[in-house]
Structure formats: C-alpha cells, structure tokens
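Asks: The sequence and its predicted three-dimensional model are supplied below.
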Amino acid sequence: MNKNKIRSVISFSVYALFILGCYFGIKWVGNQPKVNGIPGPLRNVLSINERIFTAVFSPAKKSKEFGLDDAQKRVRKNGLVGMQGVINDSNYKLIVIKNNLDTLFITMDEIKKLPKTEVIFDFKCIEGWSQVTHWSGVKFSDFAAHFNLATKSGNTINIEPNEDWYKYAGLETPDGKYFVGIDMPSMMQQQTILCYEMNGKPLPNLDGAPLRLIIPVKYGVKHLKRIGKIFFADEPPKDYWAKYGYDYFAGL
Ligand SMILES: Nc1nc2c(c(=O)[nH]1)N[C@H]1C(S)=C(S)[C@@H](COP(=O)(O)O)O[C@H]1N2
Ligand SMILES: [Mo]
C-alpha cells in the first residue's frame with residue numbers, strides 16, 4: 001500500500017470508531033436509570049449546572065429592568081394547569097406552612113398592606129418566546145420577614161443567604177395540579193414578588209389571580225400562577241416540569 005492509501009485507511013478507521021463510539025455512547029446514556037424523567041448522566045449535567053449557578057448566585061445581583069413604555073399591553077396567557085374556575089380575593093386565603101407545627105392562613109388584605117414593589121422585566125418561557133411585562137406585589141423577602149418565614153429559627157431578619165434558611169420553597173395551586181420547587185436564594189432575591197397586579201391593574205384570572213409568583217431570575221415555568229400553598233424544605237420540593245425532564249433549577 002502506498003502512503004496515501006494507508007492514510008485513507010487510518011482516517012476511515014478513526015471515523016468509523018468515532019461513529020461507533022457515538023452510537024454506543026448515546027445508547028449507554030439512554031439505558032442508564034432515569035432520575036426525574038431523564039437518564040441519570042444527563043440529570044447529573046443539569047445538577048452540576050445548578051451547583052455552579054448557586055455558587056456564583058448573589059441575591060444582590062438584579063435581572064435587567066425595563067421602562068413602563070417597554071411593557072406589553074397584551075400579555076400572553078400560557079400555562080393553564082391548575083387554573084380551572086375563578087378565585088376572588090374575598091374567598092381566598094394563602095396557606096403558608098411555616099413548619100410542622102405552624103400553618104398560617106393569610107388574606108389578600110394582609111398581603112396588600114405590605115410595601116408594594118413593581119418589576120418590569122423580560123419574561124422568558126422555555127418554549128422560546130419572551131415578552132417585557134409589568135407586575136406589582138410584595139417582595140417575597142419582605143413577606144417572609146413580616147411573617148417570619150423560610151427560616152428554621154422562625155426569626156427571619158437576615159435576607160443574605162445563611163444557615164438558618166430552609167434550602168427550598170415549594171409552591172402549589174389550590175387544587176395541587178401545578179407545583180414548583182425553588183431554591184431559597186432565588187426566592188429571596190429582591191425582584192421576586194408575590195404579585196397581585198399586572199400593568200397597574202388587578203391581576204386577571206388567567207394571569208394568576210388572586211396571587212402569583214414573579215421571579216425574574218427564572219424561566220416562566222417557575223412563575224406559578226394562583227398560589228394556594230407555600231411551604232419550606234431542605235429537600236427539593238416536587239416540580240411539575242422537572243417531572244417531565246426539564247431542568248429543575250430553570251435559572252436565567
Ligand atoms: N398554575 C399555573 N402556573 C403556571 C403555568 C401553569 O400551567 N399553571 N405555566 C407556567 C409557564 S410554562 C409559563 S411560561 C408562565 C406563563 O405565564 P403567563 O400565562 O402569565 O404568560 O406561567 C407559568 N405558571
Ligand atoms: Mo413556559
């Protein structure tokens with residue numbers, strides 16, 4: 001064989017080995033035990049992402065905000081899981097499980113008495129669309145400080161990440177059909193709000209009335225509409241879309 005032929009044989013073999021490697025590699029990943037709906041090795045990549053994000057995440061860092069004129073007047077209504085029927089302020093109480101011994105039932109009047117903040121940001125859905133939208137409500141960190149939530153001591157004074165914090169908050173619709181789990185640093189971030197107004201007006205039913213989560217550091221999937229219950233845990237609470245293989249952290 002001349003030099004050129006040898007070169008062709010070598011490059012063909014390398015190529016063939018590469019293809020075989022890919023084939024068996026993908027097969028191997030696909031055959032690994034599933035963790036939360038996707039093969040373990042892929043889940044590990046997502047978990048590593050989550051660890052890196054969490055390590056560099058600071059609640060002091062803000063998502064980009066926009067002006068009033070940038071905000072869409074016609075806001076998309078996307079996910080409708082857990083949104084059957086209508087709930088008014090008057091027949092609503094937010095259930096907050098502080099810990100095993102203590103559950104609060106909080107009215108919209110109590111929530112609206114707390115300082116109001118607004119946020120105008122680029123709302124991004126994992127499906128690919130985004131729009132600048134305008135929301136108002138109470139900062140979750142103010143709400144937590146007022147009712148002494150999210151901490152094991154039941155004395156919520158420090159909004160910087162600390163050992164006293166539970167690691168996660170879990171939120172669910174009143175019917176329990178849609179649910180999310182969120183890491184506490186993102187929950188306590190200063191732009192995360194329990195929201196009851198959109199474009200300066202009471203939140204329309206399908207946008208999440210009477211109360212929804214707005215959390216600009218996360219993709220849309222985490223912005224739970226119509227909050228029925230909030231609880232705290234050190235283990236990741238169940239999460240609707242993570243169950244189908246989406247990234248649990250869903251950070252931006
Ligand atoms: N209760 C409830 N909240 C939900 C969903 C849902 O299906 N049910 N979908 C989520 C998803 S995927 C997105 S993108 C946003 C959409 O919010 P919007 O309808 O206000 O645009 O809501 C989130 N919150
Ligand atoms: Mo979404």
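Replies: Arrived safely. The shown structure was predicted, so the numbers you read here are calculated from the model rather than taken from an experiment. Numbers count the residues shown, from 1 in each chain. Ligands and ions are numbered 1, 2, ... in the order given.
Asks: need the contact list for Ile159.
Replies: Applying C-beta atoms under 8 Å, 6 or more residues apart in numbering to Ile159 gives the contacts Pro59, Ser141, Ala144, Ala145, Met188. Glycine gets a C-beta too; all of them are placed from N, C-alpha and C.
Asks: and Ser186, helix, strand or coil?
Replies: In three-state terms, and counting by DSSP: H, G, I helix; E, B strand; the rest coil, Ser186 is helix.
Asks: In this structure it contacts Ile214, no?
Replies: No: using C-beta atoms under 8 Å as the test, Ser186 is too far from Ile214 to be in contact (11.9 Å).
Asks: Show me what residue of this structure gets nearest to ligand 1.
Replies: Gly79 (2.0 Å; C-beta to the nearest ligand atom).
Asks: Now do the contacts for that residue.
Replies: Taking C-beta under 8 Å, 6+ apart as the criterion, Gly79 is in contact with Tyr178, Gly220, Val221, Lys225.
Asks: May I see these organised as CSV, with neighbour count added?
Replies: Below are the contacts of Gly79 laid out as CSV (neighbours: other C-beta atoms under 10 Å):
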residue, neighbour count
Tyr178, 22
Gly220, 18
Val221, 21
Lys225, 23
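Asks: could you redo those as TSV and give each row pLDDT, secondary structure and distance to Pro237?
Replies: Below are the contacts of Gly79 laid out as TSV (pLDDT from 0 to 100; DSSP: H, G, I helix; E, B strand; the rest coil; distance: C-beta to C-beta, whole Å):
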residue	pLDDT	secondary structure	distance to Pro237
Tyr178	98	coil	13
Gly220	97	helix	18
Val221	98	helix	14
Lys225	98	coil	17
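Asks: out of the contacts of Ile159, which are inside helices?
Replies: Counted as lying in helices by DSSP state H, out of those, are Ser141, Ala144, Ala145.
Asks: List the contacts of the last one.
Replies: I take that to be Ala145. Thr156, Ile157, Ile159.
Asks: which one in those residues is the model shakiest on?
Replies: Among the contacts of Ala145, Ile159 has the lowest pLDDT, at 75.
Asks: helix or strand for that residue, which one?
Replies: Per DSSP states H and E: Ile159 is located in neither a helix nor a strand.
Asks: that older thread, would you turn the ones in helices among the contacts of Ile159 into TSV with pLDDT and distance to ligand 2?
Replies: Shown next, in TSV, are those (pLDDT from 0 to 100; distance: C-beta to the ion, whole Å):
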residue	pLDDT	distance to ligand 2
Ser141	97	24
Ala144	98	25
Ala145	97	30
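Asks: Just name the closest of the residues you listed to Lys93, please.
Replies: Nearest to Lys93 among these: Ala144, at 17.7 Å, using C-beta to C-beta.
Asks: Could you list the alpha-carbon positions for stretch 193-206 in CSV?
Replies: As requested, the backbone C-alpha atoms of stretch 193-206 are provided in CSV (Å, rounded to 0.1, in the frame of the first residue of the first chain):
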residue,chain,number,x,y,z
ILE,A,193,-42.6,39.1,44.2
LEU,A,194,-45.9,37.7,45.3
CYS,A,195,-47.8,39.5,42.6
TYR,A,196,-51.4,40.8,42.5
GLU,A,197,-51.2,43.4,39.7
MET,A,198,-50.4,43.4,36.1
ASN,A,199,-49.9,46.7,34.1
GLY,A,200,-51.0,48.5,37.3
LYS,A,201,-54.4,46.8,37.4
PRO,A,202,-55.7,43.8,39.4
LEU,A,203,-54.3,40.6,38.1
PRO,A,204,-56.7,39.0,35.6
ASN,A,205,-57.9,35.5,36.4
LEU,A,206,-55.9,33.6,33.7
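Asks: which residues sit against it?
Replies: 71, 73, 75, 77, 80, 83, 86-87, 108, 111-112, 117-119, 133-140, 143, 207-214, 225, 227.
Asks: For it, the averaged confidence score.
Replies: Stretch 193-206 shows a mean pLDDT of 98.
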